[in-house]
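Student: the sequence isn't on hand, but the structure is:
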């Protein structure tokens, strides 16, 4: 089996395990809070570990990443408390998963490494970003259609605005996290020297786009007055 197939299999396996866990915790607010706090602790340990012996620029980038993750997880907590809590948490998840998957396949098939912000992440491609954003917008739109079927009074216009912006925020979140790893000179974030999610770059690598998606959703819903 090739490295690419093993990588894809690992991604699918982790998604199959994590998505039911997240959905299950969403149904019980206290479990959702515990999950968010646990995730924050793991990310903090990963980032503090990456800070050891690095340059001041790398250290500042790690602190900035921790702030972004903190704001994103807090946004997820606040979204869960709203009238459409579960839907508003799952909308960014669906969009981000689609963005990541579409960028992965689009980049592999059509991408030229180094054509999308090479100073931040030399392996990212413009084709991957385009496919990712397109796939994320499409998934977000489909998710809104499903949500409206289940929740007739769901704020459709703010939801569609959020669905259109989430993939762009997700791409930015991924780029910022890639910059952190590049400045720190690491391939994977680790806890006690071992990556918790193999072939994923660590927990931080899995939540980088998701936390910016939650921030985007919260800001759109807050500004629209729909919370």
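Tutor: Ah, there it is. For clarity, every value in this text was computed on a predicted model and none was experimentally measured. Numbers count the residues shown, from 1 in each chain.

Student: list the buried ones in the lengthiest helix in the chain?
Tutor: Scanning the chain for the longest helix, with DSSP state H as the assignment, gives helix 156-184. Within helix 156-184, the residues scored as buried using 16 or more other C-beta atoms under 10 Å are 158-159, 161-184. C-beta here means a position set from N, CA and C on the backbone, and glycine is covered the same way.

Student: can you name the next helix or strand after the helix or strand of the chain with the lowest mean pLDDT?
Tutor: Scoring the helices and strands of the chain by mean pLDDT, DSSP states H and E places helix 3-26 at the bottom, with a mean of 65. The element immediately downstream of helix 3-26 (helix or strand, assigned by DSSP states H and E) is helix 29-50.

Student: that following helix vs helix 156-184, what angle?
Tutor: Orientation check (axes from the mean of the first three to the mean of the last three C-alpha atoms, to 10 degrees): helix 29-50 against helix 156-184 gives 30 degrees.

Student: for helix 29-50, packing partners?
Tutor: helix 3-26, helix 56-80, helix 156-184, helix 203-224 (3 or more C-beta pairs under 8 Å, 6 or more residues apart in numbering; DSSP states H and E).

Student: same thing but 6 Å
Tutor: helix 3-26, helix 56-80, helix 203-224 (3 or more C-beta pairs under 6 Å, 6 or more residues apart in numbering; DSSP states H and E).

Student: now it: how far from the chain's centre is it?
Tutor: In terms of C-alpha atoms, centre = their mean, to the nearest Å, the centre of helix 29-50 is found 14 Å from the chain centre.

Student: separation between residue 70 and residue 99?
Tutor: 22 Å (C-beta to C-beta, to the nearest Å).

Student: the more surrounded of those two?
Tutor: The neighbour comparison of residue 70 against residue 99 (other C-beta atoms under 10 Å) goes to residue 99, with 32 against 14.

Student: who's in contact with that one?
Tutor: Counting by C-beta atoms under 6 Å, 6 or more residues apart in numbering, residue 99 touches 132, 136, 167, 170.

Student: skip the chain neighbours and tell me the closest residue to the third one.
Tutor: Right, residue 167. If the residues on either side of it in the chain are set aside, residue 167 comes closest to residue 136, at 2.9 Å by C-beta to C-beta, 6 or more residues apart in numbering.

Student: wait, what's in contact with that neighbour?
Tutor: Counting by C-beta under 6 Å, 6+ apart, residue 136 touches 95, 98-99, 167.

Student: try it again with 8 Å
Tutor: Shown in contact with residue 136 (C-beta atoms under 8 Å, 6 or more residues apart in numbering): 95-96, 98-99, 102, 166-167, 170.

Student: let me know the closest of those to residue 41.
Tutor: residue 96 (21.4 Å; C-beta to C-beta).

Student: quick one: the helix or strand hosting the closest one to chain centroid distance?
Tutor: Counting by DSSP H and E, the element that carries residue 96 is helix 85-110. Distance, stretch centre to chain centre, for helix 85-110: 8 Å (C-alpha atoms, centre = their mean).

Student: likewise stretch 132-140?
Tutor: Put simply, stretch 132-140 sits 14 Å off its chain's centre (C-alpha atoms, centre = their mean).

Student: now do stretch 193-213
Tutor: Its chain's average C-alpha position is 9 Å from that of stretch 193-213, according to C-alpha atoms, centre = their mean.

Student: buried sites along the helix holding residue 96?
Tutor: The neighbour-count check on helix 85-110 (16+ other C-beta under 10 Å) flags 85-107 as buried.
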